[in-house]
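Q: I'll drop the sequence and a predicted model, then ask my questions.
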Amino acid sequence: MKNTLRQTYKHKRNSVSLFFWVWGGISLLCLLLIFVFSVSQRWTLENTLRQQAALDMTSRGQEIKRQIADGVPAEFADEEEYVKHLSLTYAVEISLLDGDGKVLCTSSSEMGTSIEYIDWIKGKLYDSAATDSNGRFAVYQTGKDFAYACILRAETDSDAGRYLYIVKDVSYMDSVAGEVGLRTLFSASFVFVLAFVVSAAISGMFTKPISEMQEKAKLLAKRDFTVDFRGEDYGREIVELADTLNFARDELSKTDKMQKELIANVSHDFKTPLTMIKAYASMIVEISGEDKAKREKHAGVIIDEADRLTALVEDLLDLSKLQSGITELNKEKFDLSEYVAATVENLEYLKEKHGYKIEMALDEGVLIEADKSKIGQVIYNLIGNAVNYTGEDKKVYVALKKGDRVARFTVRDTGEGIPEAEKGGIWDRYYRSNQSHKRPVQGTGLGLSIVRQVLERHGYRFGVDSAVGEGSTFYVDFPCEE
Ligand code: ADP
């Protein structure tokens, strides 16, 4: 079955199942989210740490600058001792330099005299826009250190000036970021494994009802109309899909039933006239051959039955052409009032032969654009049915009333009417509520379904008003010109 389906419908050859698409998709999405989250977290952390270090350096630098500017307190032997004391207090390396790069005093063993170095510091200072109450200062990162620099005394022609240079090791920032990164990696791996498992469960949840429905649909394809598509335990879309499939099942089952009934009815309707034709033909051969009157009577029956067969075949052909959409509508403009009057005139024989009376009330000049011969079939079938099913008074009322851009055509009879439960069914092919009804107009059981097909193809509104014991009124609304 599976292979046959695949061979028939080549576009179904996608070998990756929906389960793996959903599973893979969700897992990949999680992986991507985790990656983006980790990178942005690391970036934010590094920035925050750097900003904090810069703020910290600024406040330490400004404090140290203020204290040095206040002069060396008496308890210290000289400025060198004082600088070392401040270095311990503030946990930074402090150096005082002159404008030529000479180290005046320092707490660091690594600080050496260098003209390039002081020029570099001056460059940083003049690049910086930061100032405090005592003038310009600069805070910046150099490798694994954070530095603060400011001018203690400006350079003049005679004085090389004084510069304060403070450095703090910030390599802890890298280890903090590394530590956090490691933890993130650990939790990300955990989240990914979790997402992998959860997405497998989710994709299972998505695909389970679809797989179930697919199995049932295969049964339906084998004409098992007992299958029941269920989706109430899943989302709204699945419930709707199940409803749609159940609807399709019911329609298929109806079509299947109707097809069987149609074959049975057609065979029956073909068989009856054929039997009659054979019987009467035999009678002509065996009995009435020489008797002219009898022979004509028997031949008349054969002709009538042959007409019945022809009508049936024509109706069946019309209907199947209409239903399959082969028939094109040949629309033309014509006067519906005249057309209805002419059709009723053609039924005059019913009055003469069977005493029926068709009363007409037709508004004049109803111009419509439609397929004339098909509309003729509609009018004929509706009036024919009314004649067949009208009451003892043998009266049928045909009317055409012109309204605003629409003319209502009605055919009313005084018959038994149609029970509410049967109103929907009468438009179906081969529906007959009253098989044994005596009919002056030949009926094939296809009349109303032809009416329905023609009117639906034209897009016209139509229907029936009827109540048991009160006759029936069939109506069609024809859009017409003003
Ligand atoms: P039929 O050849 O049996 O008349 P139709 O398709 O024309 O076939 O009609 C289908 C069924 O609808 C009829 O068998 C009858 O039961 C019902 N029907 C149609 N017209 C009328 C009517 N005017 N009054 C009562 N029943 C009607």
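A: Great, that's in hand.

Q: okay, now the domains of the chain?
A: Domain assignment for the chain by automatic domain parsing gives 22-176, 256-310+312-317, 328-479.

Q: tell me the mean pLDDT over the shortest one?
A: When you say that, I think you mean domain 256-310+312-317. Mean per-residue pLDDT for domain 256-310+312-317: 83.

Q: is the ligand contacted by it?
A: No - applying CB under 6 Å from any ligand atom, one finds domain 256-310+312-317 out of contact with the ligand, separated by at least 8.8 Å. For every residue, glycine as well, the C-beta is placed using N, CA and C.

Q: Between its first and last residues, how far does that domain reach?
A: Chord length of domain 256-310+312-317, first to last residue, is 19 Å (CA to CA, to the nearest Å).

Q: now swap in the longest one and tell me
A: For domain 22-176, the first-to-last residue distance is 38 Å (CA to CA).

Q: Keeping just the C-alphas, turn stretch 146-161 into PDB.
A: Extracted in PDB, the C-alpha atoms of stretch 146-161 (Å, rounded to 0.1, in the frame of the first residue of the first chain):
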ATOM      1  CA  PHE A 146      44.100  49.400  34.600                       C
ATOM      2  CA  ALA A 147      45.900  52.800  34.800                       C
ATOM      3  CA  TYR A 148      45.000  56.200  36.100                       C
ATOM      4  CA  ALA A 149      47.100  59.200  35.100                       C
ATOM      5  CA  CYS A 150      46.800  62.900  36.000                       C
ATOM      6  CA  ILE A 151      48.900  66.100  36.100                       C
ATOM      7  CA  LEU A 152      49.900  67.200  39.600                       C
ATOM      8  CA  ARG A 153      51.800  70.300  38.500                       C
ATOM      9  CA  ALA A 154      51.900  71.600  35.000                       C
ATOM     10  CA  GLU A 155      55.100  71.900  33.100                       C
ATOM     11  CA  THR A 156      56.700  75.300  32.700                       C
ATOM     12  CA  ASP A 157      60.000  76.500  31.000                       C
ATOM     13  CA  SER A 158      61.900  76.100  34.200                       C
ATOM     14  CA  ASP A 159      60.000  73.100  35.700                       C
ATOM     15  CA  ALA A 160      59.500  69.700  34.200                       C
ATOM     16  CA  GLY A 161      56.200  69.400  36.000                       C
END
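
Q: and that stretch, how far from the chain's centre?
A: 74 Å (CA atoms, centre = their mean, to the nearest Å).

Q: Let me see the mean pLDDT of it.
A: Per-residue pLDDT over stretch 146-161 has a mean of 84.

Q: packing partners for the one helix or strand residue 50 maps to?
A: Assessed by DSSP states H and E, residue 50 sits inside helix 18-69. On a contact count with 3 or more CB pairs under 8 Å, 6 or more residues apart in numbering; DSSP states H and E, helix 18-69 meets helix 79-90, strand 135-142, strand 145-153, strand 162-169, helix 172-221.

Q: Can you list the residue ranges for strands in the stretch 301-450 of the chain?
A: 331-335, 357-362, 367-371, 395-402, 406-413 (DSSP state E, counting those that start in this stretch).

Q: Is residue 16 part of a helix or strand, or is it coil?
A: Here residue 16 is recorded as coil under DSSP: H, G, I helix; E, B strand; the rest coil.

Q: Quick check: pLDDT value at it.
A: Predicted confidence (pLDDT) for residue 16: 73.

Q: Determine the number of other residues adjacent to it.
A: Residues lying near residue 16 (other CB atoms under 10 Å) number 8.

Q: State the distance from the nearest residue to residue 332 once chain neighbours are set aside to the ligand.
A: Distances taken as CB to CB, 6 or more residues apart in numbering put residue 372 closest to residue 332, at 5.8 Å, once the chain neighbours are dropped. Going from residue 372 to the ligand by CB to the nearest ligand atom, to the nearest Å gives 21 Å.

Q: Residue 372 contacts residue 342, doesn't it?
A: No - counting by CB atoms under 8 Å, residue 372 does not reach residue 342; the two are 11.0 Å apart.

Q: ok, the two, which is more surrounded?
A: Comparing residue 372 with residue 342 by other CB under 10 Å, the one with more neighbours is residue 372, at 15 against 12.

Q: Just list the residues touching the more buried one, thanks.
A: Shown in contact with residue 372 (CB atoms under 8 Å, 6 or more residues apart in numbering): 330, 332, 334, 339.

Q: Check the closest residue to the first one other than its chain neighbours and give its pLDDT.
A: Nearest-residue entry for residue 330: residue 371, 5.2 Å, with adjacent residues in sequence omitted and distances by CB to CB, 6+ apart. Looking at residue 371, its pLDDT reads 93.

Q: quick one: contacts for residue 371?
A: When the contact criterion is CB under 8 Å, 6+ apart, the partners of residue 371 are 329, 330, 331, 332, 454, 458.

Q: Which one of those residues sits in the busiest neighbourhood?
A: Comparing the contacts of residue 371 on neighbour count, residue 454 comes out first with 26 neighbours (neighbours: other CB under 10 Å).

Q: Determine the number of other residues adjacent to the residue nearest to it when sequence neighbours are not counted.
A: Leaving aside its sequence neighbours, residue 454 sits nearest to residue 374 (CB to CB, 6+ apart; 4.6 Å). Residue 374 has 21 neighbouring residues, counting by other CB under 10 Å.
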